[in-house]
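Undergrad: Only the shape, not the letters, is given here:
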């Protein structure tokens with residue numbers, strides 16, 4: 001399982017009681033500190049709306065992927081990051 005915000009493997013998983021999304025605890029707490037909302041729905045969200053999952057199997061199995069597959073995944077992730085940065089810059093220009 002991965003964090004629905006960062007895509008990183010879950011080490012300390014929490015679930016939002018408002019939306020049911022799974023997050024890595026440190027990632028969503030940083031997001032909430034900055035924005036105070038759910039990253040998916042835009043609803044107000046705070047620490048009290050998060051429930052830690054106990055006895056969660058967080059074992060990470062080794063991947064048997066080859067270099068071209070990993071390169072393709074990294075390229076896709078880079079495209080998403082570039083698009084997100086572009087959208088954020090556009091919003092910043094609109095607000096100024």
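TA: Happy to help now that I have it. As the structure is a prediction and not an experimental result, all values here were calculated from the model. Numbering: from 1, shown residues only.
Undergrad: and the gap between residue 12 and residue 50?
TA: Counting by C-beta to C-beta, to the nearest Å, the gap from residue 12 to residue 50 is 11 Å. Yep, even glycine has a C-beta here, placed from its N, CA and C like the rest.
Undergrad: Need the residues touching each of the two.
TA: Common neighbours of residue 12 and residue 50, using C-beta atoms under 8 Å, 6 or more residues apart in numbering, are residue 25.
Undergrad: Who has more neighbours out of the two?
TA: residue 50 (18 against 14; other C-beta atoms under 10 Å).
Undergrad: Setting the sequence-adjacent residues aside, check what's closest to the more buried one.
TA: Leaving aside its chain neighbours, residue 50 sits nearest to residue 14 (4.3 Å; criterion: C-beta to C-beta, 6 or more residues apart in numbering).
Undergrad: quick one, what contacts that neighbour?
TA: Residue 14 touches 22, 23, 24, 25, 28, 50, 51, 52, 53, counting by C-beta under 8 Å, 6+ apart.
Undergrad: Which pLDDT value belongs to it?
TA: If you check residue 14, the pLDDT there is 92.
Undergrad: So what does it look like in phi/psi?
TA: phi -130, psi 150 (degrees, to the nearest 10).
Undergrad: I'd like the distance between it and residue 44.
TA: 17 Å.
Undergrad: what's the answer for residue 18, then?
TA: Distance, residue 18 to residue 44, using C-beta to C-beta: 9 Å.
Undergrad: what touches both of those two?
TA: residue 38.
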